[in-house]
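Visitor: here is my input; please provide its structure:
(chains A and B)
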Amino acid sequence: GQNIDQPTEMTATEGAIVQINCTYQTSGFNGLFWYQQHAGEAPTFLSYNVLDGLEEKGRFSSFLSRSKGYSYLLLKELQMKDSASYLCAVRDSDYKLSFGAGTTVTVRA
Amino acid sequence: GAVVSQHPSWVICKSGTSVKIECRSLDFQATTMFWYRQFPKQSLMLMATSNEGSKATYEQGVEKDKFLINHASLTLSTLTVTSAHPEDSSFYICSAGGSRGGNQPQHFGDGTRLSIL
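Guide: Got it, this is the predicted structure:
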């Protein structure tokens, strides 16, 4: 199975940078995904990593170290609309996703 | 635009009612779809993997006779919550895609909020 850990909550001010860490222990690894979920809505895809290194997509970047079982999601130039839950998810060799509990990010003016 | 369509969005019904939720992949064929359940302030928990033309694969602890899954075509999977009770009240979400590896993610439907009175 999978064991995925990420912080419960983070708070930052508008315009700042937030880094959300995720550590995982997995019986089979086939990629790591980050999703954003606003309250009452379904998750939306943000980023994907399968090889070590940094993937940049606009204000959001994601990093992966497979040897350390570690990933982070970097949110730059925070906006109020970025207030949401951010879910780290690991895909196993059966292509099933296991999700962390999510990190609630609150952006303050 | 949306790549996965799910409906209904919201269901409120009496205890003992059976509720059917549909999940459709738009513009692509999905031999595999996934059904999740999410309780308030908790993460998504995979309930089952829906396989087109064959039986669904259920996760440990999920009653297959309670949560009936049918995947009769390459674009449609249904989840039926049979004889629903208040403890079945939850947010049910389906997803499709990403089952062939690579950088294709699972895309989620908008979810169905089920409230059993």
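Visitor: quick check: phi and psi at the nearest residue to B:H85 once chain neighbours are set aside.
Guide: The shortest distance from B:H85 to any non-neighbouring residue, by C-beta to C-beta, 6 or more residues apart in numbering or on different chains, is to B:S15 (5.3 Å). Just so you know, the C-beta spots here come from the backbone N, C-alpha and C atoms, and that holds for glycine as well. B:S15 adopts backbone torsions of phi -60, psi 140, taken as degrees, to the nearest 10.
Visitor: also the one 5 residues further on?
Guide: Note on B:K20: its backbone torsions stand at phi -110, psi 130 [degrees, to the nearest 10].
Visitor: how far away is B:E59 from chain A?
Guide: 9 Å (C-beta to the nearest C-beta, to the nearest Å).
Visitor: up against chain A, what does chain B have?
Guide: For chain B, the contact set with chain A under C-beta under 8 Å from any C-beta of the partner chain comprises B:6, B:32, B:34, B:42-46, B:49, B:91, B:93, B:95, B:98-101, B:103, B:105-111, B:113.
Visitor: any chance of a PyMOL selection covering the buried ones in those?
Guide: If you want just the buried ones from those in PyMOL, going by 16 or more other C-beta atoms under 10 Å in any protein chain shown, the selection is:
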select buried, chain B and resi 6+32+34+43+44+45+46+49+91+93+95+98+99+105+106+107+108+109+110+111+113
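Visitor: what about the strands in chain A?
Guide: Secondary structure of chain A (DSSP state E): strands at A:2-5, A:9-13, A:18-26, A:32-37, A:44-49, A:53-57, A:60-65, A:70-75, A:84-91, A:97-99, A:103-108.
Visitor: what about the residues of chain B next to chain A, which are in strands?
Guide: Filtering those for strands - DSSP E - leaves B:Q6, B:T32, B:F34, B:M45, B:L46, B:T49, B:F91, B:I93, B:S95, B:H107, B:F108, B:R113.
Visitor: mind giving me a markdown table with these and columns for pLDDT?
Guide: Below are these laid out as a markdown table (pLDDT from 0 to 100):
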| residue | pLDDT |
| --- | --- |
| B:Q6 | 96 |
| B:T32 | 89 |
| B:F34 | 94 |
| B:M45 | 93 |
| B:L46 | 94 |
| B:T49 | 93 |
| B:F91 | 96 |
| B:I93 | 96 |
| B:S95 | 93 |
| B:H107 | 89 |
| B:F108 | 92 |
| B:R113 | 96 |
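Visitor: and which of the residues you listed is nearest chain A?
Guide: Distance to chain A, by C-beta to the nearest C-beta, is smallest for B:F108 among those, at 4.1 Å.
Visitor: I figured that closest one was touching B:Y92, is that so?
Guide: No. Here B:F108 does not reach B:Y92: they are 11.1 Å apart, not a contact under C-beta atoms under 8 Å.
Visitor: coming back round to it: can you lay out the ones in strands among the residues of chain B next to chain A as a markdown table showing distance to A:A16?
Guide: Formatted as a markdown table, these follow (distance: C-beta to C-beta, whole Å):
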| residue | distance to A:A16 |
| --- | --- |
| B:Q6 | 35 |
| B:T32 | 40 |
| B:F34 | 35 |
| B:M45 | 32 |
| B:L46 | 34 |
| B:T49 | 39 |
| B:F91 | 30 |
| B:I93 | 31 |
| B:S95 | 32 |
| B:H107 | 30 |
| B:F108 | 28 |
| B:R113 | 33 |
